[in-house]
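>>> What shape does this take:
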Amino acid sequence: LLDFVEVHGEHSGKKLAKLVYGVLTRLRILEKISVIVSDNASSNDMMMEELELLFAKDGISFPAAERRGRCLPHIVHLA
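Down below sits the predicted model:
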């Protein structure tokens, strides 16, 4: 856990990506992130895709499909 950020309004993937990217930038750890773990909400899929684009703008490879970790308790609960 790196930060708590209040999300006002819609929880879209694009908005979540901007907030997460802002935290990672502020903490100066963009190049140190290997995996982001989240639940299975579809907005998190879009967040990862948006993060891939934001990282690319800074010249950092961040392949969303490889960097997404699914929260095991959520997976077990849904099974």
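
>>> Going by C-alpha atoms from here, please, whenever you check contacts or count neighbours.
Noted.

>>> any idea where the strands of the protein begin and end?
Ranges of strands within the chain are 36-38, 68-70, based on DSSP state E.

>>> Please point out which parts of the first one sit buried.
Going back to what we said before, that points to strand 36-38. Counting neighbours by 16 or more other C-alpha atoms under 10 Å, one finds that strand 36-38 has no buried residues.

>>> Pull up the pairing partners for that strand, direction included.
strand 68-70 (parallel) (DSSP bridges).

>>> among the strands of the chain, which is nearest residue 58?
Nearest to residue 58, of all the strands of the chain, is strand 36-38, at 18.1 Å by C-alpha to C-alpha.

>>> for that closest one, the distance to its chain's centre please.
6 Å (C-alpha atoms, centre = their mean, to the nearest Å).

>>> same check, this time on stretch 1-18
Distance, centroid of stretch 1-18 to centroid of chain: 9 Å (C-alpha atoms, centre = their mean).

>>> Make 44 the starting number, not 1.
All right, first residue 44 from here; so that's stretch 44-61.

>>> follow-up on the earlier one: any idea which of the strands of the chain has the lowest pLDDT on average?
In terms of average pLDDT, strand 111-113 trails the rest of these, at a mean of 83.

>>> ok, and what's touching it?
Contacts of strand 111-113 with the rest of the structure, by C-alpha atoms under 8 Å, 6 or more residues apart in numbering, involve 78-83, 91.

>>> May I have stretch 83-93 as CSV, with CA atoms only?
Extracted C-alpha coordinates of stretch 83-93, given in CSV (Å, rounded to 0.1, in the frame of the first residue of the first chain):
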residue,chain,number,x,y,z
ASN,A,83,-11.2,-8.1,-10.8
ALA,A,84,-13.2,-4.9,-11.6
SER,A,85,-13.2,-4.1,-15.3
SER,A,86,-12.2,-0.5,-14.5
ASN,A,87,-8.9,-2.0,-13.2
ASP,A,88,-8.3,-3.7,-16.6
MET,A,89,-8.7,-0.3,-18.3
MET,A,90,-6.5,1.4,-15.6
MET,A,91,-3.7,-1.0,-16.4
GLU,A,92,-4.0,-0.3,-20.2
GLU,A,93,-3.9,3.5,-19.4
